[in-house]
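[1] just coords:
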DNA sequence: AACTCGGGGAC
DNA sequence: GTCCCAGAGTT
């Protein structure tokens, strides 16, 4: 085994966080739910929502039968609520296509709503203990620094990164699955984006970025922070927060604080189009049944 | 390849 | 105010 893998997996033995979707009594469905919730959302915010979600809907069949309004309220403020719709669609697909059991086959996983390249690989590794090339934002950063010797990976995932990641994955299932969890954990806890904790890193003596003298990020100029103030996403978020909190359908006039009239209309139409909201016969807005 | 899609905590 | 977070789907 490569020394890189050995050092990181050994470190993981002591440093691994005690997360509920890693517990001995975890289920493949619980792992899948956690992965969807964790898409672009930090662990600390997901954990309490995941616990309540799994208590309420422990199996795909349970979630498949839940009203959309309940699903969206339970999703709460995790963000990107379309993920909640896809997760419910995913539960129905698991029930219909796979007799209620999360499939182990990578192609079958990828065919599920809300499951892309990363999530399919993560479920393979973490739910079933199988070999998979699991590359998230943490792994990209760890290999960019430790192997390639640059401060941060390119803005978008490249074929070269995928090839490098594949070359690092150990051959046997158990070690590969452990490497996947360990390399992600290193990026999340030590090899962090803003202020890396190199003194605590198991790779501090071999890290290519460190040995090169911590060269600056070459892509810094091209990274554009996503605008937020005044965007449709902000307005949509305000509308969804209002609908989640409402006990009865909401008249458009009561949503006027969410944004300027034209933008509000556009966002309302978009939310209806996305299946995140609907209107009653009086033209008021509510979460879908 | 570029774009859209939330929300909040750390700095 | 800026950055970043276990990405996916659409165009």
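    Right, received. Where do you want to start? Note that the structure is predicted; figures quoted are calculated from it, not measured. Numbering: from 1, shown residues only, chains lettered A, B, ... in the order given.

[2] mind listing the helices for the stretch 1-150 of chain A?
    A:3-15, A:28-37, A:43-56, A:60-64, A:68-75, A:82-98, A:106-110, A:117-128, A:137-143 (DSSP state H, counting those that start in this stretch).

[3] Quick one: check the fifth one for contact with DNA strand C.
    No: no part of helix A:68-75 sits near DNA strand C under the criterion Cβ under 7 Å from any atom of the strand; the closest distance found is 13.9 Å. C-beta here means a position set from N, CA and C on the backbone, and glycine is covered the same way.

[4] re earlier: and the helices of the stretch 1-150 of chain A as a markdown table, adding distance to residue A:257 and mean pLDDT?
    A markdown table is the format used below for the helices of the stretch 1-150 of chain A (distance: least, Cβ to Cβ, whole Å; pLDDT from 0 to 100):
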| stretch | distance to residue A:257 | mean pLDDT |
| --- | --- | --- |
| helix A:3-15 | 45 | 97 |
| helix A:28-37 | 28 | 98 |
| helix A:43-56 | 25 | 98 |
| helix A:60-64 | 33 | 98 |
| helix A:68-75 | 20 | 98 |
| helix A:82-98 | 23 | 98 |
| helix A:106-110 | 41 | 97 |
| helix A:117-128 | 36 | 98 |
| helix A:137-143 | 34 | 98 |
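
[5] Which residue ranges make up each domain of chain A?
    A:1-224, A:232-286 (automatic domain parsing).

[6] Tell me if the longest one is near DNA strand B.
    Yes: Domain A:1-224 lies in contact with DNA strand B when judged by Cβ under 7 Å from any atom of the strand; the contacting residues are A:40-42, A:44-45, A:77-82, A:156, A:194-195.

[7] Mind picking the two most distant members of the residues you listed?
    A:82 and A:195 (32.2 Å; Cβ to Cβ).

[8] Tell me which of the two has more neighbours.
    A side-by-side neighbour count of residue A:82 and residue A:195, using other Cβ atoms under 10 Å, places residue A:82 first with 13 against 6.

[9] what comes up buried for stretch A:22-31?
    For stretch A:22-31, burial by neighbour count (16 or more other Cβ atoms under 10 Å) applies to A:26, A:27, A:28, A:29, A:30, A:31.

[10] and what of stretch A:177-194?
    Under 16+ other Cβ under 10 Å, the buried positions of stretch A:177-194 are A:177-191.

[11] Next: stretch A:200-209.
    Quick answer for stretch A:200-209 (16+ other Cβ under 10 Å): A:201, A:202, A:203, A:204, A:207, A:209.

[12] So for the residue nearest to the fifth one when sequence neighbours are not counted, what's the pLDDT?
    Put plainly, it is residue A:207. In space, and not counting its chain neighbours, residue A:207 is closest to residue A:146: 4.9 Å by Cβ to Cβ, 6 or more residues apart in numbering. We have a pLDDT of 98 for residue A:146.

[13] Quick one: name the residues of the stretch 151-289 of chain A near DNA strand C.
    Counting by Cβ under 7 Å from any atom of the strand, the stretch 151-289 of chain A sits next to DNA strand C at A:152, A:181, A:184-185, A:187-188, A:192-194, A:223, A:225-226, A:228.

[14] now, which of those lie within helices?
    Of those, the ones assigned to helices by DSSP state H are A:181, A:184, A:185, A:187, A:188.

[15] DNA strand B: which of those residues is nearest?
    residue A:188 (12.7 Å; Cβ to the nearest atom of the strand).

[16] Helix, strand or coil: sort out the residue nearest to residue A:278 when sequence neighbours are not counted for me.
    Using Cβ to Cβ, 6+ apart and skipping residues adjacent in sequence, the residue nearest residue A:278 is residue A:288, 5.0 Å away. Look at residue A:288: counting by DSSP: H, G, I helix; E, B strand; the rest coil, its state is coil.

[17] hang on, isn't residue A:162 packed against residue A:135?
    Yes: Residue A:162 is within contact range of residue A:135, at 6.8 Å (criterion: Cβ atoms under 8 Å).

[18] who has more neighbours, the two?
    residue A:135 (25 against 14).

[19] Quick one: neighbours of the residue of chain A found nearest DNA strand C, just the number.
    Distances between chain A and DNA strand C by Cβ to the nearest atom of the strand are smallest at residue A:116, namely 2.6 Å. Counted with other Cβ under 10 Å, the neighbours of residue A:116 add up to 11.

[20] Before I go, just wanted to say thanks for your time.
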